[in-house]
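Peer 1: Here is my input; please provide its structure:
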Amino acid sequence: MRTQTVEADIVVVGGGLAGVCAAVSAARMGRQVVLINNRPVLGGNSSSEVRVWVCGATAHGNQRWARETGVVGEMYVENQYRNPEGNPVYWDDVVLDTVRREENIRLFLNTDVREVRATGPDEARGIESVTGWTMASEILTTFTAPVFLDCTGDGLVGHLAGARYRLGKESHEEFGEEWAPPEPVREFLGSTLLFYTKDLGHPVKYVAPESAIDITTTPIPEHRIIRSGDSGAHYWWIEWGGELDTVDDNERIRDELRGVILGIWDHIKNSGKFDADNLTLEWIGNVPGKREYRRFVGDYTLHQGDIVDQTQFDDGVAFGGWSIDLHPAQGMYAQGAGALQRFSDGVFEIPYRSLYSVNVENMLFAGRDVSATHIAFGAARVMATCGAMGQAVGTAAALCVEHGTTPRGIYTDHLDELRQTLLAWDAPVVGVANTDPRDLARRARVTASSTTTTVGVPDDGPAGDPEADLDAHDLDVDLGIALPVDPRLDSVDLLVSARRDTTLSVEVWSTGRLQNVVPALLEGKAEVAVPAGDRRWVTAHVAFAPGTPQNAVVVLRANPDLAVHTTAPLPPGVLTLVHRVDSDDQNVQVSTDELLVQWPTKPLRGRSVVFRTAPETRALAPERATSGYHRNHGGPNLWASGPLSPGRAEWLRLDWDEPVTAGEVRVVLDDDLDVELNTLHHHRTPDEVLPTLVKDYRVEVLPDGAGEDWVTVAAVTDNRRRLRVHPLPDDVGALRSARLVIAATNGAAQARVVAFRVQER
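Peer 2: Numbering: from 1, shown residues only. As a prediction, the model looks like this:
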């Protein structure tokens, strides 16, 4: 047997999206990272071996401006460009390229960690090494590092190291969770196998093998929706094993799931109830996609109240937005819905204390083994949220190495540095404002070539044509216009048509949490007389002066005699809500008590009511790009120029009173975080590159003593990325000014910049 020892700064075990994002984040901070995966491909449940679509805080479009940024967001956007059809094999290479691009990562595939050396008492364990066997290569490798990350999903490394963990469901009494059972129960969310079908264009017979299960003898045909045109993750409900042990009984669970898939296919092909003559079974997974097993105990345990109430943490380092998504322990054999879902009214935070072990001093974790109750885990477990956690722990691990401290030491002594570092890398965090003392842009005067000062649709229409893409929309249900208010709202002008003389009721509502976009508290209302006629402007005087920048929702109450007019695209910082419950999966029972569910955006996503507000707004001012947040939080938090015109560049400029010495420029561009970019075949958007992204730009600096001769230090064409980092040459010297010059977007009517940072050398 061959053996070797590999030393690193950080060892990450698990190559799902949590592990990938952790390894990439730590490597980009200059740390030597080992990434170990026990499968031949990266991506975990999202890989071509399992083929689950990557869900996250967008919750299939239910949450607003919620798509993850950072490493997982980077992969989303790249996959949209490379793989608009959602091919799972192409997604494998998006993930693999993201890892292999980093010189500081050593990747070990097909390497199964099965031994962990840990020392110390139970209350203060420390991992010294992990050892893994690489199949086919027949080599045993011992990996050593000061910091270890368990991103295995099942929590194997922590288990072998003696870390505390939870299994199953907690009692209602332990955390006061409404949805928890009266007594603790050792039950889990089950595992799933998926399958793909293909139309061959001619009849194809199917002879069921002996292992196929006759589903007509089970509750499946009565309680689950089966359609011949569905495949892949549409069949997420083929789930089983919740009453077993999803690790000990993994092989039994796989065989049962495979037998049911073959039985479902026999039912589709041979029952005569489906149009399936030309369909063949193209692929069946053989690796069960696990949902739940060990959940480690951290210094904080996330619980149901944190999800529903959107608890604000001083150590929030990631966020989620998926529903509390609980499945019956009987899985596909349950007589009832395949899932019960309850949404929070906006994204919820995940604290750093839920991402390191309470008793293994040098171990962080991310993904399915997060420190959470079974109920809260139902919302935090989806893969893009796991990736967000991964970026947080990878960044924390890099800081552990830099400062020679433990994960808990980062919380006690370096928490602000952790959160500011995450923001600088555009990680998926919410409620974190830029206070970085090394960001020189924060002390500069900020100006721009132009600025959008009116919230709404321009007088001459969205594309210079008042008749362009203008649709009448009957006001048969209430509509909401989500928009930013800074500093105040006095009135709203609306383009309406009336069948007869009538009255339009208009209200303005605040949204509660700054990240929310639902009508939570009535702030004002007005009744507007509307005479009969087509396309006339009316004004509603609805005042709202919140004191700090906020989102608001202007509600237009239903009136069968009225129609509003809608157009595309949406102005920056604006969404359209429709007051009706919207659910597109009949296998799911959704709790309809939440405002988020009652006011979906999906029916009119991408379209705006034709409106404008007064007075002028500061919500899109130049200084929004140099301080504040990196996503919608009390407003869009970006600079938007005036309308672009051919041959004229727009610019954002920084001027310092005294020369500064800078090492790099970071630019964060708007990639429309309200658009879901699912990796596979669900809710696809037609744009391969997000139209709101800046396409062509250059970074220019004005060195001290150089007069007015601008020096170009970076020039980018055909950009399709959100975060761009441009190191400055050493010979540039001290700067008096810097500017971002934008020549073109990928389709948006104005330039949009989320952040323009100049980092101190």
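Peer 1: so what's residue 699 up against?
Peer 2: 665, 667, 712-715, 726, 738-741 (CB atoms under 8 Å, 6 or more residues apart in numbering). For glycine as for every other residue, the C-beta is placed from the backbone atoms N, C-alpha and C.
Peer 1: any idea which of those residues is closest to residue 650?
Peer 2: The nearest member of the contacts of residue 699 to residue 650, counting by CB to CB, is residue 741 at 7.7 Å.
Peer 1: and that closest one, bridged to which residues?
Peer 2: For residue 741, the beta-bridge partners are residue 651, residue 698 (DSSP bridges).
Peer 1: Let the chain start at 49 from now.
Peer 2: Sounds good: first residue 49 from here, last item residue 789.
Peer 1: can you pull the contacts of it?
Peer 2: Counted by CB under 8 Å, 6+ apart, residue 789 has contacts 697-699, 745-748.
Peer 1: If we use 7 Å, what do you get?
Peer 2: Shown in contact with residue 789 (CB atoms under 7 Å, 6 or more residues apart in numbering): 697, 699, 745-746, 748.
Peer 1: Of those - the most surrounded one?
Peer 2: residue 745 (25 neighbours; other CB atoms under 10 Å).
Peer 1: domain parsing for the protein?
Peer 2: The record's domain parsing of the chain by automatic domain parsing lists 50-231+340-472, 239-332, 488-500+668-808, 519-662.
Peer 1: Just name the most buried of those.
Peer 2: Of the domains of the chain, the one with the most neighbours on average (mean count of other CB atoms under 10 Å) is domain 50-231+340-472, at a mean of 22.
Peer 1: Quick one: distance of that one to the chain centre.
Peer 2: 14 Å (CA atoms, centre = their mean, to the nearest Å).
Peer 1: average pLDDT for that domain?
Peer 2: The average pLDDT within domain 50-231+340-472 is 97.
Peer 1: ok, now stretch 291-308?
Peer 2: pLDDT averaged over stretch 291-308 gives 98.
Peer 1: Need the contact partners of it.
Peer 2: Outside stretch 291-308, the residues that reach it (CB under 7 Å, 6+ apart) are 202, 235-236, 239-241, 259-261, 263, 286, 288-289, 332, 336, 338, 340-341, 377-378, 380.
Peer 1: ditto for stretch 264-281
Peer 2: 99-101, 242-245, 263, 285, 312, 315-316, 322-324, 327, 380-384, 386, 634-635, 728-730.
Peer 1: first vs last residue of it, how far apart are they?
Peer 2: Stretch 264-281 stretches 22 Å from its first residue to its last (CA to CA, to the nearest Å).
Peer 1: Closest one to residue 224 out of the contacts of residue 789, please.
Peer 2: Among those, and counting by CB to CB, the member closest to residue 224 is residue 745, at 51.1 Å.
Peer 1: any idea how far residue 760 is from that closest one?
Peer 2: 11 Å (CB to CB, to the nearest Å).
Peer 1: Residue 102 and residue 431 touch, don't they?
Peer 2: Yes. Counting by CB atoms under 7 Å, residue 102 does reach residue 431; the two are 4.7 Å apart.
Peer 1: Mind listing the shared neighbours of these two?
Peer 2: 65, 94.
Peer 1: Helix, strand or coil: sort out the spatially closest residue to residue 602 that is not a sequence neighbour for me.
Peer 2: The shortest distance from residue 602 to any residue other than its chain neighbours is 4.4 Å, reached at residue 529 (CB to CB, 6 or more residues apart in numbering). The three-state label given to residue 529 by DSSP: H, G, I helix; E, B strand; the rest coil is strand.
Peer 1: Specify the beta-bridge partners of residue 529.
Peer 2: residue 602, residue 624.
Peer 1: Give me the secondary structure label for residue 600.
Peer 2: Per three-state DSSP, residue 600 ends up strand.
Peer 1: just checking, it touches residue 536?
Peer 2: No. Residue 600 is not in contact with residue 536 according to CB under 7 Å; the separation is 10.1 Å.
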